[in-house]
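Novice: Got a predicted structure here, sequence first:
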Amino acid sequence: MKTSRFTVWLPYLWLLIFFLAPFALVLKLSLSEPAIAIPPYNPVLTWEEGIAGWWVDLKRLSFENYRFITEDSLYWKSYLSSVWIATVSTLLTLAIGFPLAYGMARAPRAMRPVLLMLVILPFWTSFLIRVYAWIGILKKEGLLNQFLLWAGLIDQPLTILNTDVAVYIGIVYSYLPFMVLPLYANLEKQDATLLEAAADLGCTPFRAFWTVTWPLALPGVLAGCFLVFIPAVGEFVIPALLGGSDTLMIGQTLYDEFFKNRDWPVSSTVAVILLAILIIPIVIFQRLQQREAGA
Amino acid sequence: MNARGWSKFNIASVVLGFAFLYLPIVLLIIFSFNESKLVTVWAGFSTKWYAQAFANQGLMDAAWVTIRVAFVSASIATVLGTLAAMALARRTAFPGRLLFSGMIYAPLVMPEVITGLSLLLLFVAVDLDRGMTTVTLAHITFSMCFVAVVVQARLAGFDRSLEEAALDLGATPARAFFSVTLPLIAPAVAAGWMLAFTLSLDDLVIAQFNSGPGATTLPMKIFSQVRLGVTPEINAICTILVAIVSVGVIVSSIALKRQEVQRQRAQRLAAQA
Amino acid sequence: MKGVASFRRDFEPWNDGSARPFIQFDNLTKRYGAVTAVDRLSLDIYEREFFALLGPSGCGKTTLMRVLAGFEEASEGAVYLEGEDLAGRPPYRRPVNMMFQSYALFPHMDVAKNIAFGLKQDGMGKGEITDRVAEMLTLVKMEGFATRKPDQLSGGQRQRVALARSLAKQPRLLLLDEPLGALDRKLREETQFELVDLQERLGITFMIVTHDQEEAMTMADRIAVMDVGQIVQVAPPAEIYERPASRYVADFLGDMNFLPTTITSTKGDLATMEGEDGTVLKALNPHQATIGRNAWFAARPEKFRISRNRPVAACNVLQGEVWDIAYLGDLTIYKVRLGDGTFIKASQLNRDVMADDPITWEEQVWLHADPQTALVLPA
């Protein structure tokens, strides 16, 4: 059926104005100079002078901000640290998510929809609230320390809140459903007779898992890992609430650059580079998804 | 997979996994009923923090702003997202389709700090004062993409010949859409609206960039209070939010489930007839 | 064509020079990117005809139907309905209705609302709609089912509702896309006869798309056999079966034995040819193959007579060994291996129950086919 043109151009126009144009502005601003004014930058491209004016302005674009970012160690350390924290948290999420998804997939058939809903439900409840809930648990006089002291496992309260460990916990907790859902979808549709065939051919359950189940689950594993890794790199709320002063994550660096230092051009530059870093896993992820859809 | 081998290990990982997912929220709810101001030491049952939360004018104002923004942005995003999904699912070739689908999928993985920053720059460039309008526009933009993805999934599994049958029987494309397509994708459109609504309700980062004086949203308010310290009052307001969303999700999924069961029963009857 | 009976009434508008075609495909081409689904196809269909498009999947038959319904636009050429070019007319403004392969019943509407859907689009009055729906339900024998939803119906019942819905608007032309494909064998046979009966009573032109030769043979006045976007032959069922235009058509409809030969002489309708081992063969020569040309000697299994003794005939006599026997109840099929290793299938009607001394495996047998029942087909 031919849908009318209207169905295309309305959302198209909306996205051009509110998604693409703003992005072009970020790119432009990253090439501008900061100023003490409101808004706090010297516009490089202005509307008033028209196309001819733009051409003159183009020559004034500077890569000063990019140079600045490579020279100040704060930024590249933030990038590296974000990628590192996201990688570690992704692997931790996999380590917790896989047994959970595997257990769900092998649960009695009647129970599975309920289990699935229980995984999705936290996804609907506020991210902020779920992160906030951990503060009461992780802080020095918090519930975890109370429990460990009571159980006699420690005799000094542990410092967890405001450290990288708390950030790991926050990311694993917040993104666990993103890991479990694709894994469960994959494991649930795996044919149980494959394992029976493996057993029939003399394979122990442990070997059958590594030679049959795991290789078949890889697309789900990869999808889950990308779904956790990509948003974790740019995460802001978790390090802001659970991380310490020495926790470096680029999302927070950008936020601080913008709201505390009020340096809009530099925060734009940080955004452009962050996106450039994320493009790689995003493109790989898209390719994988397309291959899955095609298969 | 078969249920045959639900081993102890499987059961343990499911139980522990869900304990991890739910314990923090359960604790949060429990301590919202704590008598003491200290959120982590139990001192008896009380609902006084709820009363206090409702009496907090700033908190209530923020809640009202949030609900209005969420309602308006979810409704507009649902219309735009459904149109976008129709375009993606039904029009296989139009100029700039690749760019269009790219713009639908990109916001789903875009870090919120970047979305927030870029929209702010746009509003500054066109000299639009930051406030409820700008937050609403920002929320429409990213939530319409989620709606589009949800609705498109439903359209992909949709028998195209139903629409063709409507046209064949004399319905114009618009009538075919409203009398056949829309009723059939309604569950996905409703789910899309709910998703857009909760996304808007939850959003902190994008609102932080795009909001202005007088348009503080609830997440912004909670965030600024949390930075000062954990209070039972915040626990109370969080509990209410969790309760509303959970009830909404559970009720709608039970309704869907019941519909499905009825459909299957009808089919069984037909098979016997 | 002489020698081939037309089984149904005196209805042969395609042989009547003065009859005007109802539907005309004129040099129609439909391309999807680099793929050509329909290739410069021309075809005339007459009013009140039951016309079948037959071909394997991917031959372009469904595309042809969708162009006619208005879901696809022709890349080149035109489709005319009573002389009027249909180009640019959307599906909802064509006096053509379609019964979809999936039936495409609206799952959120009950049977009555499904049937009423098209009438409502025309702005018909409420009372009139109710009457027409009742009439259609009677027509397809579904009177008690008006308030059922589609998923409360069996496959056969759904098929009937789909038929009623597409007939409710009294279209000039009904298109049926594999209408019986989803039914089981027994139901399919019953429904075939019902459809023919219905078409004759209503006097509507039917065009059916199918890959099932039996379906096409049972129902159609004429069959068009399609292959890769083109029509290979258009003719009534008996002619298609007895006088296939090519090896492709012969293979697609029923079984056919082929022997490679060279034409040695022609006389009237008949041609004489020589097989590779020198066997003298004689057959009808409708394509006027000339002396010296290579051609196929083609004969269907049931045209061969099988016997232990050499038949008294000058030509079309083959000798071989029984290689395999398939007993099908009504028929027995013998697979006979000739001296040069080629196989011939011959079938015999089992008129007698359990013959005393049946032909059995590894016996030497003779095969013979009358020249009037065999064909010369272009190599």
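Specialist: Arrived safely, thanks for sending. Owing to the predicted nature of the structure, the values given are computational and were not obtained by experimental measurement.

Novice: count of residues packed around C:Gln170?
Specialist: Counted with other CB atoms under 10 Å in any protein chain shown, the neighbours of C:Gln170 add up to 14. From N, CA and C alone the C-beta is placed, and that goes for glycine too.

Novice: Could you check how far it is from chain B?
Specialist: In this structure, C:Gln170 and chain B are 12 Å apart, going by CB to the nearest CB, to the nearest Å.

Novice: That residue is in what secondary structure piece?
Specialist: In this structure, C:Gln170 sits in neither a helix nor a strand according to DSSP states H and E.

Novice: which residue sits closest to it, ignoring its sequence neighbours?
Specialist: The spatial neighbour of C:Gln170 that comes closest, neighbours along the chain excluded (CB to CB, 6 or more residues apart in numbering or on different chains), is C:Ile204 at 7.7 Å.

Novice: For residue 139, the count of nearby residues, please.
Specialist: Answering for chain A, as no chain was given. Neighbouring residues of A:Lys139 were enumerated by other CB under 10 Å; the total is 22.

Novice: Not quite, go with chain B.
Specialist: Using other CB under 10 Å as the criterion, the residues surrounding B:His139 number 28.

Novice: List the contacts of it.
Specialist: With contacts taken as CB atoms under 8 Å, 6 or more residues apart in numbering or on different chains, B:His139 has the following neighbours: B:Val69, B:Ala70, B:Ser73, B:Ala77, B:Ala196, B:Leu199, B:Ser200, B:Asp203, B:Ile206, B:Ala207.

Novice: So which bits of whichever helix or strand it is part of are buried?
Specialist: When secondary structure is defined using DSSP H and E, the element that contains B:His139 is helix B:132-156. By neighbour count with 16 or more other CB atoms under 10 Å in any protein chain shown, helix B:132-156 contains the buried residues B:132-152, B:154-155.

Novice: Please apply the same query to stretch C:225-235.
Specialist: When neighbours are counted by 16+ other CB under 10 Å, the buried residues of stretch C:225-235 are found to be C:Val225, C:Met226, C:Asp227, C:Gly229, C:Gln230, C:Ile231, C:Val232, C:Gln233, C:Val234, C:Ala235.

Novice: first vs last residue of that stretch, how far apart are they?
Specialist: For stretch C:225-235, the separation between the terminal residues is 9 Å (CA to CA, to the nearest Å).

Novice: quick one: contacts of that stretch?
Specialist: The set of residues external to stretch C:225-235 that reach it, using CB under 8 Å, 6+ apart, is C:1, C:36-41, C:43, C:53-56, C:59-61, C:64, C:222-224, C:240, C:243-246, C:248-249, C:252-253.

Novice: and those residues, which are buried?
Specialist: Among the contacts of stretch C:225-235, those that count as buried by neighbour count (16+ other CB under 10 Å) are C:36-39, C:41, C:43, C:53-55, C:59-61, C:64, C:222-224, C:240, C:243-246, C:248-249, C:252-253.

Novice: Show me the residues you listed that map onto helices.
Specialist: When the buried ones among the contacts of stretch C:225-235 are checked against helices using DSSP state H, the ones located there are C:Lys61, C:Leu64, C:Ile240, C:Tyr248, C:Val249, C:Phe252.

Novice: Pull up the gap between the nearest residue to the third one once chain neighbours are set aside and C:Ile208, please.
Specialist: Translated: C:Ile240. Spatial nearest neighbour of C:Ile240, chain neighbours left out: C:Ile223 (5.2 Å); criterion: CB to CB, 6+ apart. Applying CB to CB, to the nearest Å, one obtains 10 Å for the distance of C:Ile223 from C:Ile208.

Novice: One more: B:Ala125?
Specialist: Relative to C:Ile208, B:Ala125 is positioned 62 Å away (CB to CB).

Novice: and what of B:Thr40?
Specialist: Looking at B:Thr40 against C:Ile208, where the rule is CB to CB, the gap reads 76 Å.

Novice: can you pull the pLDDT of C:Thr205?
Specialist: Here the pLDDT value assigned to C:Thr205 is 95.

Novice: Identify the residue nearest it in space, chain neighbours excluded?
Specialist: Nearest residue to C:Thr205 in three dimensions, chain neighbours excluded: C:Leu173, at 4.7 Å (CB to CB, 6+ apart).

Novice: Now do the phi/psi pair for that neighbour.
Specialist: Geometry field for C:Leu173 lists phi and psi as phi -140, psi 130, criterion degrees, to the nearest 10.

Novice: who's it bridged to?
Specialist: Here C:Leu173 sits in beta bridges with C:Val96, C:Thr205, going by DSSP bridges.

Novice: My read is that it contacts C:Ile204, right?
Specialist: Yes. Checked against CB atoms under 8 Å, the pair C:Leu173 and C:Ile204 is within contact range at 7.0 Å.

Novice: In terms of packing, which of the two has more residues around it?
Specialist: For C:Leu173 versus C:Ile204, neighbours defined as other CB under 10 Å are more numerous around C:Leu173 (22 against 18).

Novice: mind listing what the residue nearest to C:Thr205 touches?
Specialist: C:Leu173 sits next to C:Phe22, C:Ile23, C:Leu68, C:Leu81, C:Pro95, C:Val96, C:Asn97, C:Ile204, C:Thr205, C:Phe206, C:Met207 when contact means CB under 8 Å, 6+ apart.

Novice: State the phi and psi torsions of the residue nearest to C:Gln170.
Specialist: Note on C:Ile204: backbone dihedrals following degrees, to the nearest 10 are phi -90, psi 150.
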